[in-house]
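**Student:** Sequence first, then the predicted structure, then my questions.
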Amino acid sequence: MSYGVTPAGFVRPTMAEILDAIEQSNVAIFGSGLIQTAASPMGQWNGLRAEQIMMSWERTEEVYQSYDPRQAEGVPLDRLAALRLLARQPGETDASLSLAITNAGVANTRDADFYRSVLNVSGVTWARIYVNDADEEDDNGMSPHSVSLAAIGGDDEALALVARRYIVPGITSFGNTRVETEIDGYCRSIMIHRPVEVPTKLELDIRKWADAGGCPPDPTSAIAATLVANLSDANRPRNGVTLTKHIMSQALCDKPNVEVVAGRGAKNAGTVAALPLAFGFNEIPLITLANVTLHVVD
């Protein structure tokens, strides 16, 4: 069996395998009559040697893992992230940070790194990167060959400096807020997009039932809290979204015994009407528990 760095990662021998290798080596040198029981002097010497060898393997594995983002943990993983200009998000697990470092399963690594860098800006609670690679204006009104950073929270200049790192000269930055940046004496105007938060009322008709184990469904208040949590902060619908019954159902996907039968909504203090409810690219829904009403139907 191969030990050390292998295609499957770092593999180290077990204590039993190390001890067996030592005993076999001794037999080859001194003959099969050598007494190597655990209580014998040679057996105790073998155990001491095996322990030292095992400690050496463990130290070697720690060094390897500290430079492998798929296996590093804690502070060593944070150091590897810093080499990629990334940082751990508040409460982020090692597994999530490791995926961000390696960009596993990410098709557009540039935008993924851009997005994480934006989230690292103090005060940012939500962000989205939009790209229009076409030769004509897109449905959001973005100009051809442009990139838009939309964000809520954070300092304008801090966001613009991040955008400047990822939006190369010649590509237009699209937005509704102009920020002047200067790096090493070189000035550049960056546009960032600041969507307006629109208080949104929601009324949903839901049906709920006991689960397969006979347990009753959650109280309606708990279901409403789940809905709001899954439509807020980093999970909130994007600017320019059209709220639909399907989006409401997705927000309650972790409640398998709850069905959204129908939905109504309104902006600000307007009169609710049947979904869908469309928002402009300069708007983003603000959904709070106080503006959500659930009706349980049969």
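**Tutor:** Thanks, I have it. Numbers count the residues shown, from 1 in each chain.
**Student:** going forward, measure contacts and count neighbours with C-alpha atoms only.
**Tutor:** Noted.
**Student:** so what's residue 131 up against?
**Tutor:** Contacts here follow C-alpha atoms under 8 Å, 6 or more residues apart in numbering; on that basis residue 131 touches 145, 146, 147, 148.
**Student:** For the strand or helix carrying the last one, which outside residues touch it?
**Tutor:** When elements are defined using DSSP states H and E, residue 148 is found to belong to strand 146-152. Applying C-alpha under 8 Å, 6+ apart, the contact partners of strand 146-152 are 124-133, 142, 163, 167, 171-175, 191-195.
**Student:** which residues of the stretch 51-200 of the chain fall in strands?
**Tutor:** 126-132, 146-152, 172-173, 177-183, 186-192, 196-208 (DSSP state E, counting those that start in this stretch).
**Student:** What residue spans form the domains of the protein?
**Tutor:** Listed by automatic domain parsing, the domain ranges of the chain are 4-66, 106-192, 196-296.
**Student:** ok, longest helix in this structure?
**Tutor:** Secondary structure of the chain read by DSSP state H shows that its longest helix is helix 41-66.
**Student:** Show the end-to-end separation of stretch 174-190, please.
**Tutor:** Stretch 174-190 has an end-to-end distance of 8 Å (criterion: C-alpha to C-alpha, to the nearest Å).
**Student:** Now find how far off-centre the longest helix of the chain is within its chain.
**Tutor:** 37 Å (C-alpha atoms, centre = their mean, to the nearest Å).
**Student:** can you state the direction angle for the strand holding residue 148 and strand 186-192?
**Tutor:** Calculated by axes from the mean of the first three to the mean of the last three C-alpha atoms, to 10 degrees, strand 146-152 forms an angle of 70 degrees with strand 186-192.
**Student:** got the angle between strand 146-152 and strand 196-208?
**Tutor:** Counting by the same axes, to 10 degrees, strand 146-152 lies at 70 degrees to strand 196-208.
**Student:** what angle separates strand 146-152 from strand 126-132?
**Tutor:** Using the same axes, to 10 degrees: strand 146-152 against strand 126-132 is 170 degrees.
**Student:** quick check: mean pLDDT across strand 146-152?
**Tutor:** Mean pLDDT, computed over strand 146-152, is 96.
**Student:** before we move on, what about stretch 176-191?
**Tutor:** So the average pLDDT for stretch 176-191 ends up being 93.
**Student:** Run through who's touching that stretch.
**Tutor:** If you take C-alpha under 8 Å, 6+ apart as the criterion, stretch 176-191 is touched by 148, 156-157, 160-161, 163-164, 173-175, 192-194.
**Student:** Grab the two from the residues you listed that are most spread out in space.
**Tutor:** Farthest-apart pair in these is 164 and 194; separation 16.5 Å (C-alpha to C-alpha).
**Student:** in this protein, which spans are helices?
**Tutor:** With helices called from DSSP H, the chain shows them at 15-30, 41-66, 74-83, 94-102, 109-119, 156-166, 220-229, 245-251.
**Student:** Out of these, which is closest to residue 286?
**Tutor:** Closest approach to residue 286 among the helices of the chain is made by helix 220-229 (9.7 Å; C-alpha to C-alpha).
**Student:** so how far is the closest one from its chain's centroid?
**Tutor:** Distance of helix 220-229 from the chain centroid (C-alpha atoms, centre = their mean) equals 23 Å.
**Student:** Okay, buried residues for it please.
**Tutor:** 220, 223, 224, 226, 227, 228, 229 (16 or more other C-alpha atoms under 10 Å).
**Student:** And for stretch 244-258?
**Tutor:** In stretch 244-258, counting by 16+ other C-alpha under 10 Å, buried: 244, 245, 248, 249, 251, 252, 255, 257, 258.
**Student:** Please apply the same query to stretch 115-125.
**Tutor:** 115, 116, 117, 118, 119, 120, 121, 124, 125.
**Student:** In CSV: those, plus distance to residue 180 and pLDDT.
**Tutor:** Below are the buried residues of stretch 115-125 laid out as CSV (distance: C-alpha to C-alpha, whole Å; pLDDT from 0 to 100):
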residue, distance to residue 180, pLDDT
115, 21, 88
116, 22, 86
117, 19, 89
118, 17, 93
119, 21, 89
120, 20, 88
121, 17, 93
124, 19, 94
125, 23, 92
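**Student:** for the residue lying closest to residue 263 once chain neighbours are set aside, what are its contacts?
**Tutor:** Once flanking residues are discounted, residue 263 sits nearest to residue 204: 4.4 Å by C-alpha to C-alpha, 6 or more residues apart in numbering. Listed by C-alpha under 8 Å, 6+ apart, the contact set of residue 204 reads 260, 261, 262, 263, 264, 293, 294, 295.
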